[in-house]
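K.L.:
here's my sequence, what's the structure:
(2 chains)
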Amino acid sequence: MNRRSRQAIVAVAAVLSVAMALSSPGCGRKDERKTIRFWQFWDIAVIRPMVEQFEAEHKDIRVEVEQLTWKSGLEKIQAALASGTQPDLCELGSTWVPRFSYEGVLEDLTALYEVEADSFLMWDSAIWKGRVYGLPWVQGSRALFYNRDLFRRAGLDPDRPPTTWAELLDAASRIDALSPDIYGFGQNLGERYVLYKKFMAFAWGNGGVILDGEGKVRIAEAPTREALEFYLELSKFSLKEKQEVLDHHFKTGKLGMQISGAWNLGNYAIEAPGLDYGVALVPKPAADRGVHASFAGAEMLVVFKGSPVRDDSVELARFLRQYQRAKALSLAAGSVFPASRLALEDTTFTRDPKLRVFMEQALTSYTAPAHPGWIEMEEVINRTVEEVLYGRRAPRWCLESAAEEIEKIASKFEKQPE
Amino acid sequence: MRSNRNKSGAGRSAVTLFLLPWAVVYGAFFVFPFLFSFALGFLSYNPLNVAGTHWVGAANIARLFHDPDFAQALRNTILFVVGTVPVTTVLALGVALLLRGRIPGKDFFKAGLFLPSILSVVVISLLFKLFYAPGGALNRALGVVGLGGHGWLTDPGTALPAVMAMDVWAAVGYYAVIFYAAFAAIPDELYEAAELEGAGFFATLRHVTLPMLRPTIGFVLVINTIRSFQVFVEVLVMTQGGPLGSTNTLVLHLYETAFRRLDYGYASVIAYTVFVLSGIFSIVVIRRLRPGYATGGGGA
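P.N.:
Numbering: from 1, shown residues only, chains lettered A, B, ... in the order given. Sure thing, here's the model as predicted:
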């Protein structure tokens, strides 16, 4: 290569570099807007228009939105906190919030709670030691799905789903007797994270509690024991399998009933369009006793402590939680509902009989106890239910062992971290 | 001389310069985490409260001896290693021997056998989850002889063997291809000599093929042992360690301890336990095979 060629190449490279530098975003004027870093789990295409609207209404703020995945989101948040690069505003699952609250990494939002307490559901998991650290955004409870065809075949009225434990047991046994490959009820087994959500519906409905308001472990008491004994009885007519297998059997008309979430409404419409099914409240212990309890999970918006844009982040959280936006998110997601109480009266959700059940169910649904050791407690409860369903030990002994283990876990968190 | 020394000095600088990017990446993403994790083992460390990190000495190590979940995970992991590594190695060797023969469509079979190795473990695990389901292919096939309907992954007695069987299926092809490639390095003269001596198939296998393959067998055993000690994705996708902890493995226990319970110090100790166990198993295998390696290589 001669000298002239080399000079030409250098000249072209220089021109290209300058051109690229000039065309880079922000060149020529510095963006002086404040930046809110917002991490969340929903489809960015749904969230971005809301954020753009917020930016349009707040000219001095720009929002950097990042979509996390449920698979690795928690690890990413932990890593960010450890390295001090956490976002300002973040979405957290309701079972995660108590540990974050306990560790003192969240901003205290009690003042906002005092204004909004009556307007939203699902505050429980955001409250730790009387202070509030999260804002409920959307929620989803579980309800009873039942196959109307199998009800007819079993001589049951498909317009009268079971409302009590006795009716549930009767329906399950009659459907289970139809054929060896048809099962009355679906119980989760052999997987983590799900078991307690299904079993605790019966325990809560019977007045059972894991921890009371004073932190006393009460899982071994009669209401939970009775629920576990009933669950064991129900297992005689149940398919005990993983959630995918239960879903597959329900979609193919081989499962009479199962407790599951609203995401199935959309799934069944696509994957099992001919399936004739209904949705009902989770049965309560007896007509004159207990409540139609179920598990509910919520998505919370939290602000990390030390955020330089704390107030703006709270403002963005309030903006996103406004009813029409939470509703738009819920409709796009198809698996959750706004945590706002306005959803309970909205005909979008109450007109459809199946959706309406989820609205009613939300009023008597429970979130996991707001305890920083919940993740470990959950494992104990899952193992307890499994041990009983596998016939390893009687419900009474299992629950007493569980109570001891939960007490040990609770004791680890008695002292507030420094 | 001066010129040569200058040249070699310049050469060393160039080598250092070229190695630098690799060294920086290796140091940042391997050496530092390795040492940091070691240090964590002696600390109480929680990423949500880094300021509260404090020295706990050997407390995290002592916990290993009082943790029933760890004991169960250790037992399951050793069962997994002992149950899969020899079976995979023998099957891979057998498949490689079959491929050596004159069979029609050999390339097709080679490609088919290697296919699981290029598939994601997550995909394979999801497929096998369906395969083992009550209405899945396995139960339908067994149903023909009246044995269907078993919940392979929900029965504590069959869940771990089911995951192990999947692992063997997924790994055999990869190691078979390694053995097949190793066959090419065995001089034909040895087989010709064996044939002249009147050695049959098994005598040739015992006295020629296996001794010559000892380094490769050692390599396969070590690599597969290390990989099997780290079994994680399969159980996370298929069973999440259940039922009743019957498929809980060391790395799954480590993952749960670190990322769900936020107990990074103890998780680091579990990580080093996996490292030490893998190392011990590997050293045992290498030592067992070393004399053979010398014999095979030296042509006794």
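K.L.:
when you work out contacts or count neighbours from here on, use the C-alpha atoms and nothing else.
P.N.:
Will do.
K.L.:
any idea how chain A splits into domains?
P.N.:
Here chain A is described, according to automatic domain parsing, as comprising the domains A:34-140+A:296-366, A:155-294+A:370-412.
K.L.:
tell me which of the ones you listed sits nearest to B:V168.
P.N.:
domain A:155-294+A:370-412 (22.1 Å; CA to CA).
K.L.:
ends of the closest one, how far apart?
P.N.:
With CA to CA, to the nearest Å as the measure, domain A:155-294+A:370-412 spans 53 Å from end to end.
K.L.:
show me the shaky parts of the stretch 1-150 of chain B.
P.N.:
Along the stretch 1-150 of chain B, segments meeting pLDDT under 70 span B:1-8.
K.L.:
write out the residues of it neighbouring chain A.
P.N.:
B:47-52, B:133-134 (CA under 8 Å from any CA of the partner chain).
K.L.:
filter the residues you listed down to the buried ones.
P.N.:
Among the residues of the stretch 1-150 of chain B next to chain A, those classed as buried by 16 or more other CA atoms under 10 Å in any protein chain shown are B:47-49, B:133-134.
K.L.:
residue in chain B with the shortest distance to chain A?
P.N.:
B:P243 (4.0 Å; CA to the nearest CA).
K.L.:
correct me, but that residue touches B:P156?
P.N.:
Yes - using CA atoms under 8 Å, B:P243 makes contact with B:P156 at a distance of 5.4 Å.
K.L.:
neighbour count winner among the two?
P.N.:
Using other CA atoms under 10 Å in any protein chain shown as the criterion, B:P243 and B:P156 rank with B:P243 on top: 26 against 18.
K.L.:
now for whichever helix or strand A:A143 is part of, which elements pack on it?
P.N.:
Applying DSSP states H and E as the criterion places A:A143 in strand A:135-147. When contacts are defined as 3 or more CA pairs under 8 Å, 6 or more residues apart in numbering or on different chains; DSSP states H and E, strand A:135-147 packs onto strand A:255-261, strand A:277-280, strand A:294-303, helix A:310-321, helix A:323-333, strand A:337-338, helix A:353-363.
K.L.:
following the last one, which helix or strand comes up?
P.N.:
Reading on from helix A:353-363 to the C-terminus, the next helix or strand found by DSSP H and E is strand A:365-366.
K.L.:
list the strands paired with that following strand, with their directions.
P.N.:
Note on strand A:365-366: by DSSP bridges, its sheet partners are strand A:294-303 (parallel).
K.L.:
starting at the chain centroid, how far to the strand it pairs with?
P.N.:
6 Å (CA atoms, centre = their mean, to the nearest Å).
K.L.:
could you export it as PDB, keeping only the C-alpha atoms?
P.N.:
Extracted as PDB, the C-alpha positions of strand A:294-303 are listed here (Å, rounded to 0.1, in the frame of the first residue of the first chain):
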ATOM      1  CA  SER A 294     -58.300 -18.700  47.700                       C
ATOM      2  CA  PHE A 295     -54.700 -17.600  47.000                       C
ATOM      3  CA  ALA A 296     -54.000 -14.300  45.300                       C
ATOM      4  CA  GLY A 297     -50.700 -13.000  44.100                       C
ATOM      5  CA  ALA A 298     -50.100  -9.300  43.400                       C
ATOM      6  CA  GLU A 299     -47.500  -7.300  41.500                       C
ATOM      7  CA  MET A 300     -46.200  -4.400  43.600                       C
ATOM      8  CA  LEU A 301     -44.400  -1.200  42.500                       C
ATOM      9  CA  VAL A 302     -41.600  -0.300  44.900                       C
ATOM     10  CA  VAL A 303     -39.100   2.500  45.000                       C
END
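K.L.:
now it: mean pLDDT?
P.N.:
Mean pLDDT, strand A:294-303: 96.
K.L.:
what is the orientation angle of that strand with strand A:255-261?
P.N.:
Strand A:294-303 and strand A:255-261 are oriented at 20 degrees to each other (axes from the mean of the first three to the mean of the last three CA atoms, to 10 degrees).
K.L.:
in chain A, which residue sits nearest chain B?
P.N.:
For chain A, CA to the nearest CA, closest residue to chain B: A:G190, 4.0 Å.
K.L.:
pull the CA atoms of stretch A:259-279 into PDB?
P.N.:
Provided in PDB are the C-alpha atoms of stretch A:259-279 (Å, rounded to 0.1, in the frame of the first residue of the first chain):
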ATOM      1  CA  ILE A 259     -58.000 -24.700  41.100                       C
ATOM      2  CA  SER A 260     -56.200 -22.300  38.700                       C
ATOM      3  CA  GLY A 261     -55.800 -18.800  37.500                       C
ATOM      4  CA  ALA A 262     -57.400 -16.500  34.900                       C
ATOM      5  CA  TRP A 263     -54.700 -17.000  32.300                       C
ATOM      6  CA  ASN A 264     -56.500 -20.300  31.500                       C
ATOM      7  CA  LEU A 265     -59.500 -18.400  30.100                       C
ATOM      8  CA  GLY A 266     -57.400 -17.200  27.200                       C
ATOM      9  CA  ASN A 267     -55.500 -20.500  26.900                       C
ATOM     10  CA  TYR A 268     -58.600 -22.600  26.800                       C
ATOM     11  CA  ALA A 269     -60.200 -20.400  24.100                       C
ATOM     12  CA  ILE A 270     -57.200 -21.100  21.800                       C
ATOM     13  CA  GLU A 271     -56.100 -24.600  22.900                       C
ATOM     14  CA  ALA A 272     -59.400 -26.200  23.700                       C
ATOM     15  CA  PRO A 273     -62.100 -24.200  21.900                       C
ATOM     16  CA  GLY A 274     -64.700 -27.000  22.300                       C
ATOM     17  CA  LEU A 275     -64.200 -27.400  26.000                       C
ATOM     18  CA  ASP A 276     -67.400 -26.700  28.000                       C
ATOM     19  CA  TYR A 277     -66.300 -25.500  31.400                       C
ATOM     20  CA  GLY A 278     -67.300 -23.200  34.100                       C
ATOM     21  CA  VAL A 279     -65.600 -21.200  36.800                       C
END
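K.L.:
please point out which parts of it sit buried.
P.N.:
A:259-262, A:264-265, A:268, A:275, A:277-279.
K.L.:
do stretch A:74-88 as well
P.N.:
So for stretch A:74-88, counting by 16+ other CA under 10 Å, buried means A:74-75, A:77-79, A:81-82, A:86-88.
K.L.:
which pair in the residues you listed spans the largest distance?
P.N.:
It's A:E75 and A:D88 that sit farthest apart of the buried residues of stretch A:74-88, by CA to CA, at 16.8 Å.
K.L.:
re the thing from before, phi and psi next, for the residue of chain B closest to chain A.
P.N.:
B:P243 adopts backbone torsions of phi -80, psi 150, taken as degrees, to the nearest 10.
K.L.:
state the pLDDT value of it.
P.N.:
B:P243 carries a pLDDT value of 92.
K.L.:
next one: the one 4 residues further on
P.N.:
Looking at B:T247, its pLDDT reads 96.
K.L.:
ok, now the one 4 residues further on?
P.N.:
Here, the pLDDT recorded for B:V251 equals 97.
K.L.:
check which helix or strand it maps to.
P.N.:
helix B:250-255.
K.L.:
alright, I will stop here.
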